[in-house]
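K.L.:
model the following, please.
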Amino acid sequence: MYKVYVLYSKEFNKIYIGYTSDLEDRFLSHNEKATKGFTVKYRPWEIAFFEEFETKPNAMKREKELKTSRGRTFVWDYLKSKGLIRQ
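P.N.:
Residues are numbered from 1 along each chain as shown. Alright, predicted model coming up:
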């Protein structure tokens, strides 16, 4: 199984969208292991949303959709509806 996930940084009010076959390890990487890249700058992260897919191509397609302007609007609206965003 593959997961498309959204990370949210409350401290910086930022989101990150990605996909993985091992969400636990990937989350650890974003928050602790990685030494460079976008997510290192905006720690700490929390997993705000994820969806599961049986195939990698389907997960990649969904990730790409969420990274569009319309997809990011969906993500921000979702976060607002769940009360996860600092106002």
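
K.L.:
now Leu23: how far from Val4?
P.N.:
10 Å (C-beta to C-beta, to the nearest Å). Quick note: C-beta positions are derived from backbone N, CA and C, even for glycine.

K.L.:
can you list residues touching both of those two?
P.N.:
Common contacts of Leu23 and Val4, defined by C-beta atoms under 8 Å, 6 or more residues apart in numbering, comprise Phe50.

K.L.:
need the contact list for Val40.
P.N.:
Applying C-beta under 8 Å, 6+ apart, we find Val40 in contact with Ala34.

K.L.:
wasn't it part of a helix?
P.N.:
Yes: applying DSSP: H, G, I helix; E, B strand; the rest coil, one finds Val40 inside a helix.

K.L.:
now do it against Phe50, distance only.
P.N.:
On the measure of C-beta to C-beta, Val40 and Phe50 end up 21 Å apart.

K.L.:
what do you get for Thr20?
P.N.:
Distance, Thr20 to Phe50, using C-beta to C-beta: 9 Å.

K.L.:
how far does stretch 16-28 sit from the chain's center?
P.N.:
Averaging C-alpha positions (C-alpha atoms, centre = their mean, to the nearest Å) puts stretch 16-28 8 Å from its chain's average.

K.L.:
who touches it?
P.N.:
Outside of stretch 16-28, the residues within contact range by C-beta under 8 Å, 6+ apart are 1-7, 9, 30, 38-39, 42, 45, 47, 50, 56, 59-60, 62-63, 66-67, 71-72, 75.

K.L.:
show the end-to-end separation of it, please.
P.N.:
Taking C-alpha to C-alpha, to the nearest Å as the measure, stretch 16-28 stretches 14 Å from start to finish.

K.L.:
do the same with stretch 19-28
P.N.:
With C-alpha to C-alpha as the measure, stretch 19-28 spans 14 Å from end to end.

K.L.:
for stretch 6-19, same thing?
P.N.:
End-to-end distance for stretch 6-19, by C-alpha to C-alpha: 9 Å.

K.L.:
go on, stretch 53-71?
P.N.:
Start-to-end, stretch 53-71 (C-alpha to C-alpha) is 17 Å.
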